[in-house]
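Q: Generate a structure from the sequence data that follows.
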Amino acid sequence: SLNLKRLDCRFRLRSLCHPIIHLIVTDVEARSLAQSNLLAGRGVVTALNMTLEQAIENLNILLVDDESFVRKLNAHVLSGLTQQNVFESDSARNAITILNKQPINLLITDIQMPEMNGLELMKEIRCGRTSAPTALPILVITSYSNTEVLGSSMGLDVNGFLVKPISPKNALEKINIAIHERIAPRSIMTYERVMTDLSSLSGGASQVKTTEYPGSISIPNSPTGIESEAKVKIIKVSLAELKPGMKLVSELHSRDGVTLLASGQLLTEQMVNRIIELESLIGEKEVLVEL
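A: Below is the predicted model of the structure:
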């Protein structure tokens, strides 16, 4: 051990005159630290999980699902994450009753339910027709296969998607993101325009509608960026380069052609997060945006 220390000292002294040797020593030290972390791998993972769990402690979570068995199973998963208070509802209408009586920090809802579906429940909240904050964090339980639901959910500023069956690890990560997102509610009129009575939820065939949005413009592709007559800079960016505050010039579609975000949409933080979350399902790899 003493010889190793002397050798290390000699290397450090020589590094003053030889930068290359200094880099070698630094690299050895870095690899040694990495090996130490690998040896304590279980402890590192545990510490990380504890940090996430502590970040979402003592939340009042409202879980909405009309299927009793699935709801009970998911409630068990959620309550086991940390010290969570999980309230259950078997319908969207009953959920509104709970929201009007009980402070809720996070809503987790299924979509396909009788009488009032999960999208309609989200619209009620975002439009201020419940006692819950209009910016209440909301996670949707759904399948990525129904892209109509994904598009309408994004229009209602959903804070994330949970895929069935819910796993503890995935739920922990999605809840942590949802409750820490900055939410800037939009106008009631904006939310009212979002389609919630979807044919794909009533058992009919999904009907993809192409809508011509007011003010949409056709702009030629340009890798370096162009400027309109009004001197507005428009550039093409990858999905990973999208940032809050950018305005979409071209529409964003799912691979099966459903419009997820319309042209003219000003991107918010949660929209950018959802685009990243759904990147593998989005047809475009690059979009035109206005800076």
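
Q: Pretty sure N74 is one of the things D65 touches, is it not?
A: Yes. Between D65 and N74 there is a contact under C-beta atoms under 8 Å: 6.8 Å. Bear in mind the C-beta positions are built from the backbone N, C-alpha and C, glycine included.

Q: any low-confidence regions in the stretch 151-291 of the chain?
A: 203-230 (pLDDT under 70).

Q: now with 50?
A: For the stretch 151-291 of the chain, the stretches with pLDDT under 50 are 204-226, 228.

Q: When D65 and N74 are compared, which one has more neighbours?
A: D65 (26 against 23; other C-beta atoms under 10 Å).

Q: How much space separates that one from L162?
A: Per C-beta to C-beta, to the nearest Å, D65 is found 11 Å from L162.

Q: Which residues are in contact with each of the two?
A: Counting by C-beta atoms under 8 Å, 6 or more residues apart in numbering, the residues touching both D65 and L162 are I141.

Q: residues near E279, how many?
A: So E279, with other C-beta under 10 Å, has 12 neighbours.

Q: Sorry, slip of the keys, the one I care about is D90.
A: D90 has 14 neighbouring residues, counting by other C-beta under 10 Å.

Q: And it, how far from V232?
A: For D90, the distance to V232 - C-beta to C-beta - is 50 Å.

Q: Mind listing the shared neighbours of D65 and N74?
A: Joint contacts of D65 and N74 (C-beta under 8 Å, 6+ apart) are I141.

Q: hang on, I104 packs against A132?
A: Yes. Contact criterion C-beta under 8 Å: I104 and A132 qualify, at 6.0 Å.

Q: Next, the contact list for V70, please.
A: V70 touches D110, K164, counting by C-beta under 8 Å, 6+ apart.

Q: how close does A240 sit to N60?
A: Taking C-beta to C-beta, one finds A240 at 35 Å from N60.

Q: higher neighbour count, these two?
A: N60 (14 against 10).

Q: List the contacts of the more buried one.
A: So N60 contacts N85, F87, Q102, P103, I104, N105, L106 (C-beta under 8 Å, 6+ apart).

Q: change it to 7 Å
A: N85, F87, Q102, P103, I104, N105 (C-beta atoms under 7 Å, 6 or more residues apart in numbering).

Q: buried sites along stretch 159-169?
A: N159, G160, F161, L162, I166 (16 or more other C-beta atoms under 10 Å).

Q: Tell me which of those fall in strands.
A: F161, L162 (DSSP state E).

Q: Go through the buried residues of stretch 159-169 and name the one nearest K174.
A: G160 (4.5 Å; C-beta to C-beta).

Q: Helices of the stretch 51-200 of the chain, residue ranges please.
A: For the stretch 51-200 of the chain, the helices defined by DSSP state H, counting those that start in this stretch occupy 68-79, 92-101, 118-126, 147-155, 168-180, 188-192.

Q: Redo these as TSV? Include distance to L198.
A: Output for the helices of the stretch 51-200 of the chain, formatted as TSV (distance: least, C-beta to C-beta, whole Å):
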stretch	distance to L198
helix 68-79	21
helix 92-101	15
helix 118-126	7
helix 147-155	5
helix 168-180	23
helix 188-192	16
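
Q: which stretch among the ones you listed comes nearest G283?
A: Among the helices of the stretch 51-200 of the chain, the nearest to G283 by C-beta to C-beta is helix 147-155 (10.0 Å).

Q: What lies in contact with that closest one?
A: By C-beta under 7 Å, 6+ apart, helix 147-155 touches 111, 119, 140, 142, 194-196, 198, 200, 206, 254, 256, 258-261, 271, 274, 278, 281.

Q: circling back: among the contacts of N60, the buried ones, what's the ChimeraX command?
A: Typed into ChimeraX, the next command selects the buried ones out of the contacts of N60 (criterion: 16+ other C-beta under 10 Å):
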select :87,104,105
